[in-house]
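Q: Structure for the following, please:
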Amino acid sequence: MNGYVGTATSRVDGRAKVTGAAKYAGEFAADGLLHGFVVTATIPRGRITRLDASGALKVKGVVDVLTHAHRHPLADKDEAWKDEVAPEKGSPFRPLYDDSIKFNDQPIALVVAEDWETAKFAATLLDVAYQEEPFATDLEAERGSATEVQKSHEPRGDAAAALAGAAIRHEADYLVPTEHHNPMELYATTAVWEIDRLTVYDKTQGVQNVQKFLCSVFGKKPDEIRVISPYVGGAFGSGLRPQYQVVLATLAALELKRSVRIVLTRHQMYGLGYRPETIEHVGLGAKPDGTLDAVVHEAIAVTSRYEEFSRNDTGWAEQLYKSANSRYSHQLVRLDVATPCDMRAPGAASGVWALECAMDELANALKLDPVELRLKCYSDRDQSEDLPYTSKQLRACYRQAAAAFGWSNRNPAPRSMRDGKELVGWGMATGIWEALQMPVAARIVLTANGHAEVSSAASDIGTGTYTIVAQVAADALGLPMDNITVKLADSSLPQAPVEGGSWMAASSAHAVLAAAEDIRQELARLAVAMAGSPLAGTDPADVILSEGMIALGSDKSRSVSIADAMRSGSLERIEMEKLNHFAEDKSHARNTHSAFFAEVKIDEELGVIRVTRVVNAVAAGRILNTKTGRSQVMGSVVWGIGMALHEEAVMDHRFGRIMNANIAEYHIPVNADIHDIDVIFVDEQDEHINKLGVKGLGEIGIVGVPAAIANAVYHATGRRVRRFPITLDKLLS
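A: The predicted model follows:
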């Protein structure tokens, strides 16, 4: 092993990205490329009664206008439209399928022209009329229609009675608004027409998921559609499912037998998935010493009328805090909106915010330090399954983050700390996420000159998968990283699921290890069998790969070169492919943990909030790359700041339409909003989780950040805001 794993290694794809050599889905060229512009509905529910495209078709350069009445055939059955991460219940949305309107900004036509500007102009000439039907888009107004989805956690004890009889009790609603993905890269697809197949360049987190989906929808054989997505300019859940532009681009290419590109506008991306608006109700009952008697957590969330989307908002207290009595429920309100989707730490980012703000409110009622309360209630076991953890260094997270932040200097009284005209607030919260692992395959081709190509259909959504794979391969094969080439995100490559849930780093790393082990065994066999080999008579199991050599682990001076061993076996290349499965083990709970400490400074007269410091201590097993890992967590913190202070899609319920569907009015953090972020990786040895002791980092960095900021705002002002985002009007009203 060369020791790349665990070091601060720069991205292997970094130069391609900063020089513009990296190509994204909307940048691939093709002969005779056409451009599509999507026309969207202007009502939230009803039917199309007229769709006249004659005006658009008269525009010079317009090739065709595709509608539900004029298009290539599409699959009829729901099952054909279900991708691998689609909700179990419901009927997936089908673009241009019929005349029904299910949500505002639903695609209803595709104008295809020789250039994008012509297609966009011609789209304004469509004559569309609707028969509008009664609709509902307001969660709070429709709260009474909520129905419960399947419980993820069974109740323990009698939570209602314990809560009612608790010496200290806290109950409140916390509201998360609709939050929309705004990745740098717009959603785009370039469908390249070839005589015998279609090559589809798509912005996606799972090329094989999209490939299987398109084959299903269009009735094609697997070798007739290939999906490629080498680089992704941000996703974090928005690209888990195939988005409608990939269907429309494929539809147009098949209809016209020409290559077609569609790039959605920023406004149109607000018609895709989002973090659902949710009302989180939390009830905590405690003894005077701070130990918990009862936890009640109930969520009421938005879903569409046509699909039942939900995530685990409410069960996280089972992993964090001891309580003899607990009850959790998750209800859905079906509205005339598009189906929500996963958004960084789905469920946890919303649910843990409510839980951790409630814990802060309980600490204030008990007159306990918030950290002390969490340590009093600390659970060493997952109470829902009564299981120990593979590892849980959360106490160390609290300790190290508090020390780095200077928490011991905090005056607990609200409005007690100042910096000139600004009120200063310090808040903290806990984070938790699942340590997930999925089957992934990897192929390694090793050539006699000591170069290895590693390939997998796994995606890199900007999180560093290319680099992780190269690091692990270099160590396992005993080669310099410069000798490793990585190919990802092509549906023709070895099997991989969508990249999500923080599972790809651990999963792909172990697929590479498995394939590398097969190569090591083959090289060891060749080296031992060589005439006059210094390894003759040794057990191949004792042979390692190091510094381009095949060597005895206990005596590296006994070695032969990879080139000599392969030459002796008359081999120019060794190719090994391995699908790595993780052994099912239900003996332990698997989670990552973190502790967040935040400082805010608030102008007392204007109410302007600045998050001036965040310390985030993360326990996520072995960190494969401390440089890209730190970047991951910092990005999560920025997103958490946005969730707490900025992000909110504003719906005008009279029209069922989002009124700020752009990044001028839908606020996200910018450079001026971000100050000091300190990331601490807490040492955590985990011998149970997997061979490398690795857990994922993608989600854990955001969970708890919004709560820490909200708690700091309360400490600064004495005003508790339970409805995100925390804006100055809520502080000053």
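Q: Now do the SS call for H281.
A: strand (DSSP: H, G, I helix; E, B strand; the rest coil).
Q: if you skip the residues just before and after it, what's nearest to it?
A: Spatial nearest neighbour of H281, excluding adjacent residues (C-beta to C-beta, 6 or more residues apart in numbering): E298 at 4.4 Å. Where you see a C-beta, it was placed from the backbone N, CA and C, and this is true even at glycine.
Q: Can you tell me how far that neighbour is from C357?
A: Using C-beta to C-beta, to the nearest Å, E298 is found at 15 Å from C357.
Q: gap between the helix or strand harbouring A365 and the chain center?
A: Using DSSP states H and E, A365 falls within helix 348-366. Distance of helix 348-366 from its chain centroid, counting by C-alpha atoms, centre = their mean, to the nearest Å, is 23 Å.
Q: Identify each buried residue in it, please.
A: Within helix 348-366, the residues scored as buried using 16 or more other C-beta atoms under 10 Å are 348-364, 366.
Q: Can you name the element that comes right after that helix?
A: helix 370-376.
Q: Need the CA coordinates for the helix holding A365. CSV is fine.
A: Only the C-alpha atoms of helix 348-366 are listed here, as CSV (Å, rounded to 0.1, in the frame of the first residue of the first chain):
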residue,chain,number,x,y,z
ALA,A,348,-33.0,14.1,8.6
ALA,A,349,-32.3,17.8,7.6
SER,A,350,-35.9,18.6,8.3
GLY,A,351,-36.7,16.3,11.2
VAL,A,352,-33.4,16.7,13.2
TRP,A,353,-33.8,20.5,12.9
ALA,A,354,-37.1,20.2,14.8
LEU,A,355,-35.8,17.7,17.3
GLU,A,356,-32.7,19.7,18.1
CYS,A,357,-34.5,23.0,18.5
ALA,A,358,-36.9,21.2,20.8
MET,A,359,-34.0,19.8,22.8
ASP,A,360,-32.6,23.4,23.1
GLU,A,361,-36.0,24.6,24.3
LEU,A,362,-36.1,21.8,26.8
ALA,A,363,-32.6,22.7,28.0
ASN,A,364,-33.7,26.3,28.6
ALA,A,365,-36.8,25.1,30.5
LEU,A,366,-34.5,22.9,32.7
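Q: could I get stretch 55-74 in PDB with only the CA atoms?
A: The C-alpha trace of stretch 55-74 is given here as PDB (Å, rounded to 0.1, in the frame of the first residue of the first chain):
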ATOM      1  CA  GLY A  55     -48.000  29.700 -35.400                       C
ATOM      2  CA  ALA A  56     -44.800  28.200 -34.000                       C
ATOM      3  CA  LEU A  57     -44.400  25.900 -37.000                       C
ATOM      4  CA  LYS A  58     -44.400  28.900 -39.400                       C
ATOM      5  CA  VAL A  59     -41.200  30.300 -37.800                       C
ATOM      6  CA  LYS A  60     -38.100  29.700 -40.000                       C
ATOM      7  CA  GLY A  61     -35.800  27.200 -38.400                       C
ATOM      8  CA  VAL A  62     -38.600  25.400 -36.400                       C
ATOM      9  CA  VAL A  63     -38.500  21.600 -37.200                       C
ATOM     10  CA  ASP A  64     -41.400  20.300 -35.200                       C
ATOM     11  CA  VAL A  65     -43.600  20.800 -32.100                       C
ATOM     12  CA  LEU A  66     -44.200  17.700 -30.100                       C
ATOM     13  CA  THR A  67     -47.300  17.400 -27.900                       C
ATOM     14  CA  HIS A  68     -49.400  14.700 -26.300                       C
ATOM     15  CA  ALA A  69     -51.300  14.400 -29.600                       C
ATOM     16  CA  HIS A  70     -48.200  14.400 -31.800                       C
ATOM     17  CA  ARG A  71     -45.300  12.300 -30.600                       C
ATOM     18  CA  HIS A  72     -43.400   9.000 -30.700                       C
ATOM     19  CA  PRO A  73     -45.200   6.200 -28.800                       C
ATOM     20  CA  LEU A  74     -44.700   6.000 -25.000                       C
END
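Q: Name the residues that touch it?
A: 34, 48, 51, 53, 94, 96-99, 108-115, 118-119, 121-123, 125-127, 217-219, 248, 251-252, 254-256, 258 (C-beta atoms under 8 Å, 6 or more residues apart in numbering).
Q: rerun that using 7 Å as the cut-off
A: Stretch 55-74 has contacts (C-beta atoms under 7 Å, 6 or more residues apart in numbering) with 34, 51, 53, 94, 96-99, 109-115, 118, 121-123, 125-127, 217, 251-252, 254-256.
Q: Could you confirm S557 falls within a strand?
A: Yes: secondary structure of S557 (three-state DSSP): part of a strand.
Q: That one: how many residues sit nearby?
A: Other residues near S557 come to 7 when the count uses other C-beta atoms under 10 Å.
Q: what about the residue most central in space within the chain, is that helix, strand or coil?
A: In the chain, the C-alpha nearest the mean C-alpha coordinate belongs to F236, at 3.1 Å (C-alpha atoms, centre = their mean). Three-state assignment for F236 (three-state DSSP): coil.
Q: Excluding covalently adjacent residues, which one is nearest to it?
A: That would be R344: by C-beta to C-beta, 6+ apart, it lies 4.4 Å from F236.
Q: for D31, same thing?
A: Counting by C-beta to C-beta, 6+ apart, the residue nearest D31 is S259, at 7.1 Å.
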